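Enquirer: What would the 3D arrangement of this be:
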Amino acid sequence: MSKAWNSTPRNTPVPDYNLFANPQTPNTMQEEQNPPNTPTLESSATAIEEGKTMAIISYLTIIGLVAALIMNGDKKNTFARYHIRQSFGLMLTSFAISFISWIPFIGWVIAIVAFFFLIFLWFTGLFNALNGKEKPLAVLGKYYEEWFKSI
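Expert: Residues are numbered from 1 along each chain as shown. Model (predicted):
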C-alpha cells in the first residue's frame, strides 16, 4: 500500500510562514500605530475611571446634568463629556416630547410611546456609564454626538 497523500518525509522541516514570529526584527507596525504622544489603552482606562462618577451623575435629573457640567468644567474628561452630551440630548428630547403631548389624541399617543422609549434610552445610557462604555444611545445617540460637539 502506498502513501501517495503524504509525500514529505517526517524529518523534513516545515517552513514557518508566520511573519510576526521572529523576535529579532523590531515590530515597526506597532510603533507606527501608537506614536509617543497618543493616549494608550492604559491612559484611556484611567480617564474612564476618573470620569465615571460625572458620567453617572449626568443621567440623574437635570440637577445632576448641571452638576456634571460644572464638575467637568475644569477636568475636561472625554468619557464624562461623552455621557454629558448623551444625557443633554435625552433631556432636550424629553422636553420636546412634553410639548408634543399638548396636542390632543395623536400627541398623547406619541408622548406615551416616546416616554417608554426615552426610559429605555435613559437606562441604556446609565448602564453604559456604569460599565465604562462609550456606546451611543439607540436611534438618537449618533445625532446627539454630532449636535452637541461643543459641550
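Enquirer: average pLDDT for stretch 85-98?
Expert: Mean pLDDT, computed over stretch 85-98, is 91.
Enquirer: got the contact list for it?
Expert: Residues from elsewhere that reach stretch 85-98 (Cβ atoms under 8 Å, 6 or more residues apart in numbering): 58-59, 62, 65, 68, 110-111, 114-115, 118, 121-122, 125, 136-137, 140-141, 143-145, 147-149, 151. C-beta coordinates here come from the backbone N, C-alpha and C atoms, glycine included.
Enquirer: Contacts only, for residue 122.
Expert: Residues in contact with residue 122, defined by Cβ under 8 Å, 6+ apart, are 59, 90.
Enquirer: my bad, should have said residue 101
Expert: Neighbours of residue 101 in contact, by Cβ under 8 Å, 6+ apart: 107, 108, 110, 111.
Enquirer: switch to 10 Å and redo it
Expert: 107, 108, 109, 110, 111, 112, 114, 115 (Cβ atoms under 10 Å, 6 or more residues apart in numbering).
Enquirer: Setting aside sequence neighbours, what's the nearest residue to the fifth one?
Expert: So that's residue 111. Leaving aside its sequence neighbours, residue 111 sits nearest to residue 101 (Cβ to Cβ, 6 or more residues apart in numbering; 3.5 Å).
Enquirer: Is residue 136 in a helix, a strand, or coil?
Expert: Per DSSP: H, G, I helix; E, B strand; the rest coil, the local secondary structure of residue 136 is coil.
Enquirer: Quick check: it touching residue 148?
Expert: No. Between residue 136 and residue 148 there is no contact under Cβ atoms under 10 Å: 11.9 Å.
Enquirer: what's the straight distance from one end of stretch 139-151 to the other?
Expert: Stretch 139-151 has an end-to-end distance of 20 Å (criterion: Cα to Cα, to the nearest Å).
Enquirer: Please report the distance of the residue nearest to the spatial centre of the chain from residue 54.
Expert: The structure's the chain has its C-alpha centroid closest to residue 134; by Cα atoms, centre = their mean the separation is 1.7 Å. Using Cβ to Cβ, to the nearest Å, residue 134 is found at 14 Å from residue 54.
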